[in-house]
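Peer 1: Predicted model follows, preceded by the sequence.
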Amino acid sequence: MNKPNPEFDSLMPAVRMDRRGFVTTVAAAGFALAVQPVHAQTVIKTDAEGLDTGDIKIPVEGGELPAYFARPADGKDRPTVLVVQEIFGVHEHIKDVCRRLGKLGYLAIAPELYFRHGDPRSIDNVAALIQGIVSKVPDATVMSDLDACAAWAANHGGDPGRLAITGFCWGGRIVWLYAAHNPRLAAGVAWYGRLDGAPTELQPRYPIDVAGELKAPVLGLYGGADQGIPMHDVDFMRDELKRNEASAEIHVYADAPHAFHADYRPTYRKEPAEDGWRRMQAWFKRHGV
């Protein structure tokens, strides 16, 4: 854990909302920079040999939820992993993650959680993407949509008793929230998901707010050089998890930036990405997924 920063701590009033407002202000620019999209080819390309893959639509409130899935072609009762998109939606990297999980024996499903509000791949400006789509997506609807994906998986070869979730960037925050939402979840792994921020009507809580409500163990994987997620937030989250005796761990890669697993962007760091992938598998196995 990082040592306390007296200069920062001296600016932190006792009231939690004041701290949140300060951290949100100083981190906002860094987060926008950290999530800048890069439209490039992925480094890792996983084929679909031995897998069933494809696009599906799941009936949900307000329409049909598009999703991509990958699962072993043979066998049933597969452990299921909900794969939650980055801020940019279900692009090729996220689909490749599903195929990687499929090769490991999982039924992986990645839903298009913005589908009611627009296509994030049609917007190449992050500020416009956040204002025009992301800020309009209610957390409550995301939780409901993920529940629908879990139900679909249970009826299509998945074992409902072995349900996990993993997510990246925007999806990393969702992992923590879903672990506080679904009592049937077995485990979660959050990749550099924001831990704190300014609450809104549609997105009223952050992982720090639900540290005492986790219904499943969560592993957080974070970068020490992340410009959008201050280490003060990571330390604060660790303290909250410890105070609440939560079944969760956070691992920090000291020199890794935000999106160190995203192999289609210059932020990709091979060693932390591969180590995080191993840790994720071990976490799932440790918790029966």
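Peer 2: Great, that's in hand. Source: prediction; values computed, not measured.
Peer 1: Only C-alpha atoms from now on, for both contacts and neighbour counts.
Peer 2: Will do.
Peer 1: could you pull out the helices for the stretch 51-200 of the chain?
Peer 2: With DSSP state H, counting those that start in this stretch, the ranges of helices along the stretch 51-200 of the chain come out as 92-103, 126-132, 139-154, 170-181.
Peer 1: next one: the longest one to chain centre, how far?
Peer 2: Using CA atoms, centre = their mean, to the nearest Å, the distance from the centre of helix 139-154 to the centre of the chain it belongs to is 14 Å.
Peer 1: Show me what it packs onto, helices and strands only.
Peer 2: Helix 139-154 sits against strand 51-60, strand 78-84, strand 107-111, strand 158-168, with contacts defined as 3 or more CA pairs under 8 Å, 6 or more residues apart in numbering; DSSP states H and E.
Peer 1: ok, now the first one?
Peer 2: Packed against helix 92-103, as judged by 3+ CA pairs under 8 Å, 6+ apart, are the following elements: strand 51-60, strand 63-72, strand 78-84, strand 107-111.
Peer 1: Quick check: which of those is buried the most?
Peer 2: Sort the helices and strands packed on helix 92-103 by mean neighbour count, taking mean count of other CA atoms under 10 Å, and strand 107-111 sits at the top with a mean of 29.
Peer 1: relative to strand 63-72, how tilted is it?
Peer 2: 150 degrees (axes from the mean of the first three to the mean of the last three CA atoms, to 10 degrees).
Peer 1: Not counting strand 107-111 itself, show me its contacts.
Peer 2: 65-72, 78-85, 90, 94-95, 98-99, 101-102, 146, 149, 153, 157-158 (CA atoms under 8 Å, 6 or more residues apart in numbering).
Peer 1: pull the CA atoms of that strand into CSV?
Peer 2: Output in CSV follows, covering the C-alpha atoms of strand 107-111 (Å, rounded to 0.1, in the frame of the first residue of the first chain):
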residue,chain,number,x,y,z
LEU,A,107,-19.2,-19.9,-21.4
ALA,A,108,-18.3,-16.2,-21.8
ILE,A,109,-20.9,-13.6,-22.7
ALA,A,110,-20.3,-9.9,-23.4
PRO,A,111,-23.5,-7.7,-23.6
